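Participant: Sequence plus the predicted model coming up.
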Amino acid sequence: MTDSASTAQTMTPVRIAGTGSYLPERIMTNKDLEKSVDTSDEWITTRTGIRARRIAAEDEHTSHLAAKAGAKALEQAGIDAADIELIIVATITPDTLTPATACYVQQHLGCLKAVAFDISAACSGFLYALEMARTSVGGGAFKNALIIGAEKLSAFVDWTDRNTCVLFGDGAGAAVIVPSTNGDGRVLSSQLGTDGAQAGLLNIPGGGSACPMTTENAPESLAYLAMQGREVFKHAVNAMKKASIDGITAAGLTPKDIKLLIPHQANLRIIDAIVERLEINREDVFINLDKYGNTSAAAVAIALDEAHREGRIQRGDKILLVAFGAGLTWASAVIEW
Ligand code: COA
C-alpha cells in the first residue's frame, strides 16, 4: 500500500478556472431495471440511494462525453481550445485501448497544441488527474491543463447481473487548471493512495494482455465489471474517511472549516459514514447519485460542476473532494475557491 501526500507550498499554487459536465440524454430509472433483472426500486433506493442513471447512445463514446464536458469548462474559464497545453482524461472505459481517449478529445475540441494522455485510477481518477495537473502546471511545465473524468460504463456492465448493473451510469465532468497568481483561490492539499493487493475486488478481467478478448478462453462475462460489493464497501468507508481527515489536516484546517463536501457518488450509505466521522452537516454535502448513479471517474467532476453552477461554492469557500475506487485507489483534495 502506498500513500502520497503533498501540499502546494513548493511550487506556484493552481486554481480551477472553470468547470463543465455533460450527461447523456437517456434516463434509465430503477423501475426500468425492474423489467430486465430481478430487482426493485425499493431495494436499489434503500441500499444505495440511486434512483436513476444516464445511458449514452450507441454512437456516443467516452471521448464525446468528455469533449462536451470539456467544452463547457473551457467556455466558463474563458480559455480558447487552441491555448490548452495539457489534456488528461481519467477513465476506465476508454474509446479504445490505444490510443488514449484524451487524443480523441484533443481532436474533438481542437486543442491542437495540447499534450494528451489518459490515466486509469477508476473512481479516484479525476482527483489523480487534478494532482498531475497541479504539479505539471504549478511546476511550470505547462501553462494550463484541461482535466476530465469521463465514463461510458454502460458498455462494460453485464445487464443481466443485478449485483452490478443497478449501480453504474454514464457521464463526464471537467475542470480547467491554471496558475493562481494573485491569490484568487488555490488547491490547498492533495492526497493520493493505492493498494494493489486488493486489485481483485473490483475489475474488468478481460480485454487486457492478461486475457485478450480475442482468445477462445475469454467468455463474454470477462468483458464486464466484476465486484465484491460488500468488501469494496468496507474499504471505501475506511479509505475515504482517512483521505478526508489527512487532506483537511494537510491543508492546515479542521472539518469545521469545510463549506462543502463533494464525495464520490457510489452509495449514500458510504457518504453517510464519512459525514458522521467528519461531523459535517448533511446540508453541507453535495449529492447527485440519486440522478446519475456511480459514474466512476466522472462522479466527483460532475458533482463539482453542478455544485459550482448551482451557486453552492462561493469565492473563498474551502471545499473537500474525496474519492475511492478500483485499484484500490483513493484520493482527496482541499480547494480554496
Ligand atoms: N436487487 C435486489 N437484490 C439484490 C441486488 C439487487 N440489485 N443486488 C444484490 N442483491 C441481493 C444479494 O443477492 C443478496 O442476497 P442474499 O442475501 O440472498 O445473498 C442481498 O441482496 C444482499 O446483498 P449484499 O451484497 O450484502 O448487499 P449490500 O447491502 O452490501 O449492498 C452494494 C450491495 C453493492 C450496494 C454495496 O455492497 C455497495 O455499495 N458496495 C460498494 C460499491 C461501490 O462503491 N463500488 C464502486 C467503488 S467506487
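Facilitator: Looks like it arrived, so ask away.
Participant: From Phe324, how far off is Lys242?
Facilitator: 10 Å (Cβ to Cβ, to the nearest Å). In short, each C-beta sits where N, CA and C put it, glycine included.
Participant: same thing with Asp161?
Facilitator: In terms of Cβ to Cβ, Asp161 sits 21 Å off from Phe324.
Participant: Next: Leu192.
Facilitator: 11 Å.
Participant: And Ala172, by the same measure?
Facilitator: Distance from Ala172 to Phe324, by Cβ to Cβ: 19 Å.
Participant: now Trp159
Facilitator: Trp159 is 25 Å from Phe324, where distance means Cβ to Cβ.
Participant: Looking at those two, which is more packed in?
Facilitator: Phe324 (29 against 12; other Cβ atoms under 10 Å).
Participant: residues contacting the more buried one?
Facilitator: Applying Cβ atoms under 8 Å, 6 or more residues apart in numbering, we find Phe324 in contact with 123-124, 235-236, 239-240, 243, 264, 266, 270, 330-331.
Participant: if we can go back for a sec, mutual contacts of Lys242 and Phe324, please.
Facilitator: Taking Cβ under 8 Å, 6+ apart as the contact criterion, the residues that touch both Lys242 and Phe324 are Trp330.
Participant: So Glu336 sits against Gly183, correct?
Facilitator: No. Between Glu336 and Gly183 there is no contact under Cβ atoms under 8 Å: 9.3 Å.
Participant: more crowded one of those two?
Facilitator: The neighbour comparison of Glu336 against Gly183 (other Cβ under 10 Å) goes to Glu336, with 21 against 9.
Participant: in the sheet, who's paired with the more buried one?
Facilitator: Beta-bridge partners recorded for Glu336 (DSSP bridges): Arg186, Lys318.
Participant: measure it to Leu201 for me?
Facilitator: For Glu336 relative to Leu201 (Cβ to Cβ), the value is 34 Å.
Participant: Could you do Ile280 as well?
Facilitator: For Ile280, the distance to Leu201 - Cβ to Cβ - is 27 Å.
Participant: residues in contact with Pro205?
Facilitator: Residues in contact with Pro205 (Cβ under 8 Å, 6+ apart) are 211, 222, 226.
Participant: Do you know the pLDDT at the last one?
Facilitator: The predicted local confidence for Ala226 comes out at a pLDDT of 93.
Participant: In contact with it: list those residues for me.
Facilitator: Taking Cβ under 8 Å, 6+ apart, one finds 164, 202-205 in contact with Ala226.
Participant: Among these, which one has the most neighbours?
Facilitator: Busiest of the contacts of Ala226 [other Cβ under 10 Å] is Leu202, holding 23 neighbours.
Participant: Just want the phi and psi numbers for that residue.
Facilitator: With angles defined as degrees, to the nearest 10, Leu202 shows backbone torsions of phi -150, psi 110.
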